[in-house]
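need coordinates for the below:
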Amino acid sequence: MAATPAACPALHTFDDAAARAAALAATAARWLRRACDSRGGAVLAVSGGRSPVALFERLRLLDLRWSAITVTLVDERLVAADDPDSNQRLVREHLLRDAAAAARLHALFDDPAAGLQACVREAERRALAADVVILGMGEDGHTASLFADARGGEQAMDPRCPHTYVGLVPRHAPHARVSMSLRALAQAPQLLLSIDGQRKREVYETACAQPDSPLPVARLLRARAAPLVTFWSP
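Have a look, this model is predicted:
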């Protein structure tokens, strides 16, 4: 593990994706154990996409009280639960197996055909307080489904937004999304961010170094109430 650059708080760097996934899984497990020990259960909120697959495949093998852990979603596309683009499907296929098969999956909504606003309302009714939130980041600086150019993005990233979940329609990404708001993410007790590649590291360091950056990840860094730990590999 390399030293942390001064510009980025708690940035841990690793030689490769496998080492990054192992360290991220171990850190998440430590916080989940603490929550289980202190109050008998824990809630883990995870993001989708392809980036978390290696993490999920590490985490699912760890010795945790999985039957006391609920897994929920940071964000979800407005697609059916068996759609290849569904984050719920990703979690079922790559996380809720082996030891982690005993965990409970808490979906955000049931029927995407009901429309974005109906799904947002359902997610809001179902919202759980997460103990650990695991995020990724795109090369455009988006995290969760908080895209800077999305319809609904300004409300979603307003630190005064009263909602846990909001609806967004990205301009350059497929599918409408239901996502945790910036305020909800910022209030999570433990935030873990996983990024890969030199371009994403540059974006992250820019977000750290420029206090007024409009990048969604920069807004999260400014708004967070709890520590955010970042894991990076080339």
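
for Leu73, what are its contacts?
Counting by Cβ atoms under 8 Å, 6 or more residues apart in numbering, Leu73 touches Ala45, Val46, Ser47, Gly48, Asn87, Gln88, Val91, His106, Ala107, Leu108. Bear in mind the C-beta positions are built from the backbone N, C-alpha and C, glycine included.

scratch that, Leu185
When contacts are counted by Cβ under 8 Å, 6+ apart, Leu185 touches Val74, Val133, Leu135, Thr143, Ala144, Leu191, Leu220, Ala223, Arg224.

okay if I get those as CSV plus neighbour count?
Shown next, in CSV, are the contacts of Leu185 (neighbours: other Cβ atoms under 10 Å):
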residue, neighbour count
Val74, 26
Val133, 27
Leu135, 26
Thr143, 28
Ala144, 28
Leu191, 25
Leu220, 24
Ala223, 15
Arg224, 16
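
dump those residues to TSV, plus distance to Arg39 and secondary structure.
Formatted as TSV, the contacts of Leu185 follow (distance: Cβ to Cβ, whole Å; DSSP: H, G, I helix; E, B strand; the rest coil):
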residue	distance to Arg39	secondary structure
Val74	21	coil
Val133	17	strand
Leu135	23	strand
Thr143	27	strand
Ala144	25	coil
Leu191	19	strand
Leu220	26	helix
Ala223	26	helix
Arg224	22	coil
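
and those, which two are the farthest apart?
Maximum pairwise distance among the contacts of Leu185 (Cβ to Cβ): 15.4 Å, between Val74 and Ala223.

what is the lowest-pLDDT residue among the contacts of Leu185?
When the contacts of Leu185 are sorted by pLDDT, the bottom entry is Arg224 at 87.

how many neighbours does the closest residue to it other than its chain neighbours have?
Spatial nearest neighbour of Arg224, chain neighbours left out: Ala186 (4.6 Å); criterion: Cβ to Cβ, 6 or more residues apart in numbering. By other Cβ atoms under 10 Å, 20 other residues sit near Ala186.

hang on, isn't Ala186 packed against Pro216?
No - counting by Cβ atoms under 8 Å, Ala186 does not reach Pro216; the two are 11.6 Å apart.

can you pull the buried residues of the top helix by length along the chain?
Counting by DSSP state H, the longest helix found in the chain is helix 17-39. Buried residues in helix 17-39, counted by 16 or more other Cβ atoms under 10 Å: 17, 20-25, 27-29, 31-33, 35-36.

rounded mean pLDDT for the helix or strand where Val91 lies, please.
Here Val91 sits within helix 87-94, counting by DSSP states H and E. Computed over helix 87-94, the mean pLDDT rounds to 97.

buried ones in that helix?
For helix 87-94, burial by neighbour count (16+ other Cβ under 10 Å) applies to Asn87, Gln88, Arg89, Leu90, Val91, Arg92, His94.

got those as JSON lines, with distance to His175 columns?
Shown next, in JSON lines, are those (distance: Cβ to Cβ, whole Å):
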{"residue": "Asn87", "distance to His175": "10"}
{"residue": "Gln88", "distance to His175": "13"}
{"residue": "Arg89", "distance to His175": "13"}
{"residue": "Leu90", "distance to His175": "14"}
{"residue": "Val91", "distance to His175": "17"}
{"residue": "Arg92", "distance to His175": "18"}
{"residue": "His94", "distance to His175": "20"}
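
show me what the residue most central in space within the chain is bridged to.
The centre of the chain sits closest to Leu135, judged by Cα atoms, centre = their mean, with a distance of 2.9 Å. Residues in a beta bridge with Leu135, per DSSP bridges, are Leu193.
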